[in-house]
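In: this is a predicted model, with the sequence first.
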Amino acid sequence: MCLAIPGKVLEIEASEETVFLIGKVSFGGITKRINLSLVPEAVVGDHVLVHVGVAVSIVDEEEAKRTMNFLQGIGELDDLFDDIVHK
């Protein structure tokens, strides 16, 4: 199943050396570098939906919480976090 996981943008890297806009995003305490090129309007503090390392949309905090609660409720969160950590 392909899912997008909500995370909170903690930092946006300012670099002329990379082609993509990169940010540090937290997924319930796990922090990963994520491609933000599809959501260039994202700012620190925004919640984004991330699919395979790319933020695909900005969502409000309530939507992010509902999505995380749903994923936890259906038992998918552990597998998803496992995928995030090992990629």
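Out: Yes, it's here. Numbering: from 1, shown residues only.
In: which outside residues touch the lengthiest strand in the chain?
Out: Of all the segments of type strand in the chain, defined by DSSP state E, the longest one is strand 5-12. The contact list for strand 5-12, computed with Cβ atoms under 8 Å, 6 or more residues apart in numbering, reads 21-27, 31-32, 34, 36, 42-51, 55, 59, 63-65, 67-68, 71, 80, 84. All C-beta atoms are positioned from the backbone trio N, CA, C, and that covers glycine.
In: let me see the ranges of the strands in this structure.
Out: Under DSSP E, the chain gives strands at 5-12, 22-27, 30-35, 47-51, 54-59.
In: what separation is there between D46 and L38?
Out: 13 Å (Cβ to Cβ, to the nearest Å).
In: these two - which one has more neighbours?
Out: Using other Cβ atoms under 10 Å as the criterion, D46 and L38 rank with D46 on top: 21 against 15.
In: in terms of pLDDT, where does L71 sit?
Out: Note on L71: pLDDT of 80.
In: tell me, how many residues neighbour it?
Out: 18.
In: so it sits right up against F27, yeah?
Out: No. Assessed by Cβ atoms under 8 Å, L71 is found out of contact with F27, at 10.5 Å.
In: what's in contact with stretch 23-31?
Out: By Cβ under 8 Å, 6+ apart, the residues outside stretch 23-31 that reach it are 5-13, 32-34, 36, 42, 48, 50, 55, 68, 77, 81, 84-85.
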